[in-house]
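Visitor: give me a model of this one.
(2 chains)
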Amino acid sequence: MTGTLVLIIFILMIATALTRSRHFFSSISWLKWSRKTHFTWMKVYFVLLLASLVFAELLEWNRTDTHMPKIATEEEVEFNLYEAITHHLPIPNDMIVERRTHETNGHLTIRVESEMGLVLIERTQEKGTLIEETIFKPLLVANDYDLSNQLQFNKPLWQDGTMRVPKQPMNELQYVSYYDSIMLNLFTKERNKHFDSWGSSSQLMMIHLRIPESVTIDADEDVVEYVNAMN
Amino acid sequence: MYLHETNANNIAMKQFRFILRTNISIFTILFILQIISSIFMLGSWSSSSISHSYDTISVSWNTFSNDGIVGLTLFWAMVVGILLTASTQRDQAFTFVTNRWTYHLGNLYFFCFAAMIGGASTILLSSVPKVYGLLRYDSLILETTGLLSSPMDFISRFIVMTMYTFLVLIVGYTIGMFIQLNRLFIVVIASLFILINFVLGYGAYYINDRNWFAFFTEETSLLLFIMKMLSVASILFLATAWATNRLEVRK
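Guide: Numbers count the residues shown, from 1 in each chain, chains lettered A, B, ... in the order given. Below you'll find the model as predicted:
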């Protein structure tokens, strides 16, 4: 409300000042150009603008889109990986980094070096000592763009019946974007984009382990989670 | 029967040419304003940064747009609308054998021309920050379409900007004319703005919120948008023409 009042007062002050001045136009004639010069300047300005438009179009046309992050769909943004794993729901293949199996001697030790990955353990009724591991990539959606593929991460390391989740690398992403004013985009494809609002969501790398009941586990309860999504 | 038959439209066209010739410098001012705004705009960023996942992910997002150019062009339109109601302008208009109606009509033609120049220059100038961004940043994300990639979007932006400029010109003209008529209209216009704002809700600056801009900004049909713009502009223009019909020619 205060902003509206300030705007109104400002406009009315200008209006009063301008309408009271009989010589405003002569006072702004600091541009002592002839009429012909003004018209020429107008033509030159538009020629320059057209040249700029052509140049911008050529640059846009010739650039490759390989570095452009893809726009995340609503399904991708709303997809809950944790729920999908625990409820055995279908998971898109592009979220899976790797599926591996590891033979153990009946005992597994899990070491997580920092809280940067979520280890989900599912105990299976199967007999044996073979552990199935599925690694899901970390996810990041910012300003409706899926930046997951830009993230670097370290996969778990397996050695002698021990799984070690190493410290994850620091990801510092920087983006620059340009948009046309929201006012002008009323009837374009960008109409519903909210350039003035910032939104992002992320998800840690997840490791899903299917471990037979016969295998004993040594792991810190704080860094692993047992899920009861038995078949 | 006269040797030279003429009509209101011909006289208004002559007046339009006269107004254009005498006020051509205001376009130079617009272009200078636009150049200044685009230079300053290149350094004005809207930045957001956020950390995620136990600080292992840090995203910094910088955006820039042509908001500044649009805003300055509309400000210019408001000033021009008011300026054309200045007493010197009205005096000059009666260089011709004319009446108040053709004077208003001549100004209307000028507003149409000015709106098209304002709209076209704003849309074309938007390619300058784009060029700057594309040359400077390899990974620039263009959240807009170009002339070649989406010609209809480009044309719609031009139409929308032209319509906004035209409406602001008419609003400025109306405000100026009413203030010329009587200084008390300053209070009346201010009260009217506040009243409209109260009736239609708060937060008049947030597009897509419940406010008096929403009448235009929530429109989904370009044709209806144009009709709404022209209707409001016509009401304001006719009200101005009717109210100032008896305004003195020269003090």
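
Visitor: longest helix of the chain?
Guide: You didn't say which chain, so I picked chain A. helix A:35-62 (DSSP state H).

Visitor: that's the other chain; I wanted chain B
Guide: Chain B, longest helix under DSSP H: helix B:151-181.

Visitor: give the contact list for the nearest residue to residue A:69 once chain neighbours are set aside.
Guide: Leaving aside its sequence neighbours, residue A:69 sits nearest to residue A:145 (C-beta to C-beta, 6 or more residues apart in numbering or on different chains; 4.2 Å). For the C-beta atoms, the positions are set from N, CA and C on the backbone; glycine is no exception. Contact analysis of residue A:145 by C-beta atoms under 8 Å, 6 or more residues apart in numbering or on different chains lists A:69, A:70, A:71, A:72, A:175, B:141.

Visitor: returning to that earlier point: the longest helix of chain A versus helix B:151-181: what angle between them?
Guide: Angular relation of helix A:35-62 and helix B:151-181 on a 0 to 180 degree scale: 150 degrees, by axes from the mean of the first three to the mean of the last three C-alpha atoms, to 10 degrees.

Visitor: which element follows helix A:35-62 toward the C-terminus?
Guide: For helix A:35-62, the following helix or strand on the C-terminal side (DSSP states H and E) is strand A:70-71.

Visitor: what's the average pLDDT for that next one?
Guide: Strand A:70-71 comes out with an average pLDDT of 84.

Visitor: from the contact counts, what lies against it?
Guide: strand A:145-146 (3 or more C-beta pairs under 8 Å, 6 or more residues apart in numbering or on different chains; DSSP states H and E).

Visitor: tell me which residues are up against the next helix-or-strand element following the strand it packs on.
Guide: Using DSSP H and E, the helix or strand that follows strand A:145-146 in sequence is strand A:157-159. With contact meaning C-beta under 8 Å, 6+ apart, strand A:157-159 is reached by A:100, A:102, A:133, A:163, A:164, A:166.

Visitor: list buried residues within these.
Guide: For these, a burial check counting by 16 or more other C-beta atoms under 10 Å in any protein chain shown picks out A:102, A:133, A:163, A:166.

Visitor: from those, which land in strands?
Guide: Those of these mapping onto strands are A:102, A:133, A:163, per DSSP state E.

Visitor: if the second one is in a bridge, with which residues?
Guide: Okay, so that is residue A:133. Per DSSP bridges, the residues bridged to residue A:133 are residue A:100, residue A:209.

Visitor: what's the spacing between it and residue A:209?
Guide: Applying C-beta to C-beta, to the nearest Å, the value for residue A:133 to residue A:209 is 6 Å.

Visitor: re the thing from before, need the buried ones from the contacts of residue A:145 selected in PyMOL.
Guide: Typed into PyMOL, the line below selects the buried ones among those, using 16+ other C-beta under 10 Å:
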select buried, (chain A and resi 69+72+175) or (chain B and resi 141)
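
Visitor: reformat the contacts of residue A:145 as CSV; add distance to residue A:112.
Guide: Below are those laid out as CSV (distance: C-beta to C-beta, whole Å):
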residue, distance to residue A:112
A:69, 29
A:70, 31
A:71, 33
A:72, 28
A:175, 30
B:141, 35
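
Visitor: pull out the buried positions in stretch A:81-92.
Guide: Quick answer for stretch A:81-92 (16+ other C-beta under 10 Å): A:81, A:82, A:84, A:85, A:86.

Visitor: report whether it contacts chain B.
Guide: No. Counting by C-beta under 8 Å from any C-beta of the partner chain, chain B has no neighbours in stretch A:81-92; the shortest distance is 13.5 Å.

Visitor: how about stretch B:58-68, which residues are buried there?
Guide: By 16+ other C-beta under 10 Å, the buried positions in stretch B:58-68 come out as B:59, B:61, B:63, B:64, B:65, B:66, B:67, B:68.

Visitor: between those, which sits nearest residue B:123?
Guide: Distance to residue B:123 across the buried residues of stretch B:58-68 (C-beta to C-beta) is lowest for residue B:66, with 8.7 Å.

Visitor: surely that closest one meets residue B:122?
Guide: Yes. With contacts counted by C-beta atoms under 8 Å, residue B:66 reaches residue B:122, the gap being 7.3 Å.
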